[in-house]
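Engineer: No sequence on hand, only this structure:
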């Protein structure tokens, strides 16, 4: 059976306050719903105890989101832009 993720009331309150931090860092082609899921999971894991920890949790979610984006961009660049096939170096 698949494990269901549930938000605790404390993290739910923190997520509501997270709206103070502004819009999510979403660009064209990304889904705000996916970012919200990530943010929720981070807040559930971190369980911020105060406003400073809420800021850190939001920062962690934003950096993680950016890291995932950069990995997708790098993979796309390597797949689409590599004119030279990668081969083993010649042996002497």
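Structural biologist: Right, received. Where do you want to start? Remember, it's a predicted structure, so these values are computed and weren't measured experimentally.
Engineer: Quick one: residues contacting residue 27.
Structural biologist: With contact set as Cβ atoms under 8 Å, 6 or more residues apart in numbering, residue 27 has these partners: residue 69. Where you see a C-beta, it was placed from the backbone N, CA and C, and this is true even at glycine.
Engineer: Quickly note the distance from the residue most central in space within the chain to residue 34.
Structural biologist: Central residue of the chain (Cα atoms, centre = their mean): residue 65, 2.4 Å from the mean position. Applying Cβ to Cβ, to the nearest Å, the value for residue 65 to residue 34 is 9 Å.
Engineer: got it, and residue 67?
Structural biologist: From residue 67 across to residue 34, the span is 14 Å (Cβ to Cβ).
Engineer: Between these two, which is the more surrounded one?
Structural biologist: Of the pair residue 67 and residue 34, residue 34 is the one with more neighbours under other Cβ atoms under 10 Å, namely 13 against 10.
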